[in-house]
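Student: fold the following for me, if possible:
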Amino acid sequence: MKQRLVRIDPLSAARVVGLLYFLVGLLALPFIYSMFVLTPEGIGFSPTIVLIEPFLLSGIGYATTAVGCVLFNWLAGRFGGLEVEFDGESER
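Tutor: Model (predicted):
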């Protein structure tokens, strides 16, 4: 069964992607910390950036997803959206 996706709620999509980016930021913390520890002292290590990195990443993901959804909604309203096909069977 083919259906057409013509609107995505920007705030709900941005909330989910923001949380996903926060989790990715938490997983990246050990790598970012080791990057700062293993570089020469001339770079200027700041532990604060390591602590706020998940929040920055989450905010960027939230904002870009919200803007992307608004643009999608605008374009889909003018050009017809995306065609999505479902098999009609529900697993729930």
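Student: what sits against the residue lying closest to L82 once chain neighbours are set aside?
Tutor: Nearest in space to L82, with sequence neighbours left out and distances taken as Cβ to Cβ, 6 or more residues apart in numbering, is L5 at 4.5 Å. From N, CA and C alone the C-beta is placed, and that goes for glycine too. By Cβ atoms under 8 Å, 6 or more residues apart in numbering, L5 lies in contact with 76, 81-84.
Student: tell me which other helices or strands the longest helix along the chain touches.
Tutor: The longest helix of the chain (DSSP state H) is helix 47-79. With contacts defined as 3 or more Cβ pairs under 8 Å, 6 or more residues apart in numbering; DSSP states H and E, the packing partners of helix 47-79 are helix 10-38.
Student: got the angle for the helix it packs on vs helix 47-79?
Tutor: Angle, helix 10-38 to helix 47-79, by axes from the mean of the first three to the mean of the last three Cα atoms, to 10 degrees: 150 degrees.
Student: list the buried residues for helix 10-38?
Tutor: Neighbour-count burial for helix 10-38 flags 10, 13-14, 17-18, 21-22, 25, 33 (criterion: 16 or more other Cβ atoms under 10 Å).
Student: report the two of those residues separated the most.
Tutor: Farthest pair in these (Cβ to Cβ) is P10 and Y33. Separation: 33.4 Å.
Student: count the residues that sit near the closest residue to A28 other than its chain neighbours.
Tutor: Distances taken as Cβ to Cβ, 6+ apart place E53 nearest to A28, at 7.1 Å, with adjacent residues excluded. Neighbour count for E53, taken as other Cβ atoms under 10 Å: 16.
Student: enumerate every residue touching E53.
Tutor: 25, 28-29, 32.
Student: ditto for A63
Tutor: Each residue near A63 by Cβ under 8 Å, 6+ apart is listed here: A14.
Student: can you start the count at 29 instead of 1 from here on
Tutor: I'll keep to 29 as the first residue from here, and by that count the last item is A91.
Student: which SSE is Q31 in?
Tutor: strand 30-33 (DSSP states H and E).
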